[in-house]
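Visitor: show me how the following folds:
(2 chains)
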Amino acid sequence: MNSFLVIAIIIVYLSAIFYVAYWAEKNSKSMWVNNPYVYALSLAVYCTAWTYYGSVGLAATSGLKFLTIYLGPVIIIPVWILLMKKIIRISKGNKISSIADFISLRYGNDRFLGALVTVICVLAIVPYISLQLKAISETFNVITNHSLSENSIFNDTTFYIAILLALFAAFFGTQKTDASERHKGIVTAIALESIIKLIFFLVIGVYVTFYLFNGPTDIYNKASVLPNFETQQSIQGIEDGFNWFFLSMLSLFAIMLLPRQFQVTVVENQREKYLKTVTWLFPLYLLLFNIFVIFIAWGGNIIFQNQDVSPDLFTLLLPLKNNHEFLALLVFFGGFSAAISMVVISSLALSTMLSNNLIIPYGFLRKYSKRESKENIGSIKKIRRIAIFSLIILAYLFYRSFTLNRTLVTIGLISFVIIAQLAPSFFGGLFWRRGSSKGAKYGIIIGFLVTVYTLVIPFTIDSQLIASSFINEGVFGIKFLKPYELFGLQIFEPVPQAFFWSIFFNLMVYVLVSVNKIGSYRERNFAEMFVDSNKYASLNEDAYVWKGEAYVSDIRKVLTRFLGEQRTERALNLFYLKYNIDNNVQIADARLVNFSEKLLTGSIGSASSRILISSVVKEEEISLKEVLNILDETQKATESNKQLQERDKQKDEFLDTVAHELKTPITSIRALSEILLEDESIESGVRNKFLSSILSESKRVNRLINNILDLEKLASGRGELILKTNSIKKTIKKSINAVNQLALSKNVEINSKEITDLKLIYDEDRIQQVLINLLSNAIKFSDVNKGEVFVSTTIYQNNIQISVEDNGRGIAKDELGAIFKKFYQAKNQTILKPLGSGLGLAISKQIIESHNGKIWAANRNPQGAQLVFILPINLN
Amino acid sequence: MKKILIVDDEPNIVMSLEYIFKKENFEVFIARDGAEALDIIENKLPDIVLLDIMMPNVDGYQVLHHLKSTEGLNTIKVIFLSAKNKIADIELGLELGADKYISKPFSTKKIVKEVKKLLK
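Guide: Predicted coordinates for the structure are as follows:
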């Protein structure tokens, strides 16, 4: 195919992708940009050109092993969702913009750790980016029929493509200084490319399986007679099983730790619930992508039997050999999309890390703290842009100067193993409070060195085709140190064995150092926040405990340098509003300090923001015990606040009921008076009846008010009892006399024979009030035809029990306790409401309890209610 | 002659309402709780009901619900008369289908006016 035609199509294709990004950035509120599908598809940046060509290559040479790279992520999905929820919450809450920032913050804004993670990521990813460029270049040469002859950089199409990609990433990646904000343009373009690469791959898969061959069975039958088929296509014994297991585990770490995955999953996440769509869409995506891999590989093996053809290029060569150039072009563009998505996102993520965790904290901080906001913002953006260009060009040079004589997969896997070194400190930090920054640093360094020894060095030597005693004999001829068989471990292939040993040493060092050396108070604080993220999420700025002194004006100055006058003002006003703080306070509290740190984190990284803020804050060390105490107090304050609210609610309800009860008699009074006032022709009998009703309703209002005041007095403990020695028999008699008139009018008989006399100390008026209340209730509720009320006393232990019973309907079981509540009116009292206020029993209860007694209600056999109270004989 | 049913468990309120509506030439029925009210409604088919909300056994909301959901009774006008006069209470009452909500204490003139207006 004509190379100019291909270049022209590449330019059109790139313009289209740029336009989509531009459109998404312009229409950032559109439904097309903000939906869970764009989010889930953008995660498919995981599938790079390596997937496109490399997994076919791997399947062709070693069978089903390619699956491990996708199996890990699929198996982990449910756990992945849970973990991501936690990670996203922490990251959003702290304006974290990269995995380096995440790890550095967890271990107490550790500047060195952030830089270390950045370096590790750059070392792992730059070769990986160069791999993508290599894929573009190789496939371009294949499709345009160029020979792989040496040409100068300026004649190399790939160089120009790399520059265009750098422009794209730099333009859409650095619109805002706050790197923790989302890059909607890039993400939308990536999601689109994910669709393109999948569809094109499926097309070629169907083409190979059903056009070149007669379906899967046909390919299988033809492939199975090839030599080596058996050994390739199955798991061979326990050793191969181990290899499988560790490769799956490796890819599982990769999906969470790769900088580009962290970027699309965490930083670019808009809503937590989008993860739900990922649960099914992402595994489905991987599944679709992998369905045809094995058939294309087998197909290639059959057709290119005994020919010297790189299996990595089967996908492209199969249609070319059959003269289907258009299909080959589709394959090329599928791989091209996969490659450029990876390059763009990776360089964006790495540039953020480089600027926020390495360049700014180590090089520019002092400069920045003296300059104006405009210069600073410009400078931060410039650093990131230069970083993007440098990374891509570095990757390009790497690919040019190294003869990468290995399959795509191997370089990819080395990159995975290096990234996996972040796993112990990353996951440890999420779940283990004791994990310390020293442990993390030493662990990562050791793990990295082991990887270099067991994988990078032998691999480089291997790829330069230098026969070496190093691999075969080990260092100084010590067999124990043979890089591919460290400590005599022979069951693994090189990659799983490097992964195993590096993670083993990394983890050991991390755990041992952490256990032996406790981290600083700052670290422990963040450990607490990360591990128990749910508990601290609600505390916001209160989460971090801090002791010291700082002036608002100093902090304001620092913020202004990076955010500008306007944004600082707006942010601080919001903060004051949120916490209800006076705008004119001069001394900053812990909340403002924490808030400002977070505010800066997105722009310059957590370590730098910590250093800057602490330069204007005089901080005192706070012991863990103090931290716990302060947190404990916050807890208590929240609880007592809840109790207060509960009490307020009860008070409101009480007032509501009081208002209702007062309105009822007033309604009658008003209505009757209005009639009397306006109707002059009213009969005198009716008029008298109305007037006496008004009178009795007035008395009711009065009684109600007195009762409420009485109850409040008793409840608040202000109603002092007049305690004297009295005769209980006399008090009961007096009370019966008081209700005698009522009993007679209702024709109720009061029986009070079983009364023992006893002298004890109580407030006679109050106890009489209780007895009259109980007696009049009993009279009201006794049997309508033959009403009877019984009063009796019993003495037992140190108490006297006084019981008032009637022969009425009794009290419903579920109401026995409730009748002592304020304004409770039993449901079964029909027809006439009792004259009472609804407070009688509540008041009685208060009186009895202030005598250290008890009051309760029960039902009699066969019928009737029984109200009982006991008083202690020796009142202390 | 229009028929009115007064439902309230306060005898003096009932007495005043009974007096004014008799004077306005209504046929007046009285119920002291919701259950009694439902009985009278089924048997006498009043044109309008003055309904208290807080009553023992069957409360005003239940009476209204029965009225509005029963064929033949759902055209009967209902005025809630209640001391509950928070905005939320009033909104709830009207939402449930009451034609008018008058809070206690009320003016007798206003009640007569509203009843006549609804029965026009």
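
Visitor: OK, contacts around A:Glu325?
Guide: Shown in contact with A:Glu325 (C-beta atoms under 8 Å, 6 or more residues apart in numbering or on different chains): A:Met1, A:Pro319. Backbone N, C-alpha and C define where each C-beta goes, glycine included.

Visitor: middle-most residue in chain B, spatially?
Guide: Closest residue to the average C-alpha location of chain B: B:Leu50 at 1.6 Å, with C-alpha atoms, centre = their mean.

Visitor: now residue 2: phi and psi?
Guide: Looking at chain A here, since you left the chain open. Here is the backbone geometry of A:Asn2 (degrees, to the nearest 10): phi -60, psi 130.

Visitor: oops, I was thinking of chain B
Guide: Per degrees, to the nearest 10, the backbone of B:Lys2 is at phi -80, psi 150.

Visitor: from chain A, how far off is it?
Guide: 20 Å (C-beta to the nearest C-beta, to the nearest Å).

Visitor: give me the pLDDT value at that residue.
Guide: With respect to pLDDT, B:Lys2 has a value of 92.

Visitor: so how far is A:Gly840 from the closest residue to A:His324 other than its chain neighbours?
Guide: Nearest non-adjacent residue to A:His324, counting by C-beta to C-beta, 6 or more residues apart in numbering or on different chains: A:Tyr207, 7.5 Å away. Per C-beta to C-beta, to the nearest Å, A:Tyr207 is found 92 Å from A:Gly840.

Visitor: now do A:Val20
Guide: A:Val20 is 78 Å from A:Gly840, by C-beta to C-beta.

Visitor: same thing with B:Leu45?
Guide: Computed as C-beta to C-beta, the B:Leu45 to A:Gly840 distance reads 41 Å.

Visitor: which of those two has more neighbours?
Guide: More neighbours surround A:Gly840 than the other of B:Leu45 and A:Gly840, with 22 against 13 (other C-beta atoms under 10 Å in any protein chain shown).

Visitor: hmm, that one is touching A:Asn773, no?
Guide: Yes: if you go by C-beta atoms under 8 Å, A:Gly840 and A:Asn773 touch, sitting 4.3 Å apart.

Visitor: the lowest-mean-pLDDT helix or strand in chain B near chain A anywhere?
Guide: One helix or strand of chain B scores below all others by mean pLDDT, DSSP states H and E: helix B:87-95, with a mean of 84. No: counting by C-beta under 8 Å from any C-beta of the partner chain, chain A has no neighbours in helix B:87-95; the shortest distance is 10.1 Å.

Visitor: tell me what that helix is packed against?
Guide: strand B:77-82, strand B:100-103 (3 or more C-beta pairs under 8 Å, 6 or more residues apart in numbering or on different chains; DSSP states H and E).

Visitor: which of those is buried the deepest?
Guide: Greatest average neighbour count among those goes to strand B:77-82 (a mean of 22), per mean count of other C-beta atoms under 10 Å in any protein chain shown.

Visitor: by contact count, what packs against that one?
Guide: In terms of contacts (3+ C-beta pairs under 8 Å, 6+ apart), strand B:77-82 is packed against strand B:48-52, helix B:60-68, helix B:87-95, strand B:100-103, helix B:108-119.

Visitor: try 10 Å this time
Guide: Under the contact definition 3 or more C-beta pairs under 10 Å, 6 or more residues apart in numbering or on different chains; DSSP states H and E, strand B:77-82 sits against helix A:624-678, strand B:3-7, strand B:48-52, helix B:60-68, helix B:87-95, strand B:100-103, helix B:108-119.

Visitor: A:Gly299 contacts A:Gly215, doesn't it?
Guide: No: with contact defined as C-beta atoms under 10 Å, A:Gly299 does not count as touching A:Gly215 (11.5 Å).

Visitor: give me the common contacts of the two.
Guide: Listed as contacting both A:Gly299 and A:Gly215 by C-beta atoms under 10 Å, 6 or more residues apart in numbering or on different chains are A:Thr209.

Visitor: neighbour count: these two, which is higher?
Guide: A:Gly299 (26 against 10).

Visitor: quick check: the gap between the more buried one and A:Ser379.
Guide: Look at A:Gly299 and A:Ser379: by C-beta to C-beta, they are 54 Å apart.

Visitor: again with A:Gly602
Guide: If you measure A:Gly602 against A:Ser379 using C-beta to C-beta, the figure is 16 Å.

Visitor: of those two, which one has the most company?
Guide: Using other C-beta under 10 Å as the criterion, A:Gly602 and A:Ser379 rank with A:Gly602 on top: 25 against 17.

Visitor: correct me if wrong: that one contacts A:Ile96.
Guide: Yes: between A:Gly602 and A:Ile96 there is a contact under C-beta under 10 Å: 8.2 Å.

Visitor: okay, and the common contacts of those two?
Guide: Common contacts of A:Gly602 and A:Ile96 (C-beta under 10 Å, 6+ apart): A:Ala179, A:Ser180, A:Val267, A:Asn356.

Visitor: quick one: contacts for the closest residue to A:Asp679 other than its chain neighbours?
Guide: Nearest in space to A:Asp679, with sequence neighbours left out and distances taken as C-beta to C-beta, 6+ apart, is B:Lys23 at 7.3 Å. The contact partners of B:Lys23, by C-beta under 10 Å, 6+ apart, come to A:Ile675, A:Asp679, A:Ser681, A:Ile682, B:Val112.

Visitor: for the fourth one, what are phi and psi?
Guide: Summarising the backbone geometry of A:Ile682 under the convention degrees, to the nearest 10, its torsions are phi -60, psi 140.

Visitor: farthest-apart pair in the shared contacts of A:Gly602 and A:Ile96, please.
Guide: Across the shared contacts of A:Gly602 and A:Ile96, no pair lies farther apart than A:Val267 and A:Asn356, at 11.8 Å, counting by C-beta to C-beta.

Visitor: among these two, which residue is more densely surrounded?
Guide: Per other C-beta under 10 Å, whichever of A:Val267 and A:Asn356 has more neighbours is A:Asn356, with 32 against 27.

Visitor: identify the residue nearest that one in space, chain neighbours excluded?
Guide: Leaving aside its sequence neighbours, A:Asn356 sits nearest to A:Gly605 (C-beta to C-beta, 6+ apart; 3.0 Å).

Visitor: does that neighbour really touch A:Ala100, like I thought?
Guide: Yes: using C-beta under 10 Å, A:Gly605 is in contact with A:Ala100, at 7.9 Å.

Visitor: quick one: distance of stretch A:37-54 to the chain centre.
Guide: In terms of C-alpha atoms, centre = their mean, to the nearest Å, the centre of stretch A:37-54 is found 25 Å from the chain centre.

Visitor: what about that stretch, how long is it end to end?
Guide: From its first residue to its last, stretch A:37-54 covers 27 Å (C-alpha to C-alpha, to the nearest Å).

Visitor: can you give me the buried ones in it?
Guide: Across stretch A:37-54, burial judged by 16 or more other C-beta atoms under 10 Å in any protein chain shown covers A:38-54.
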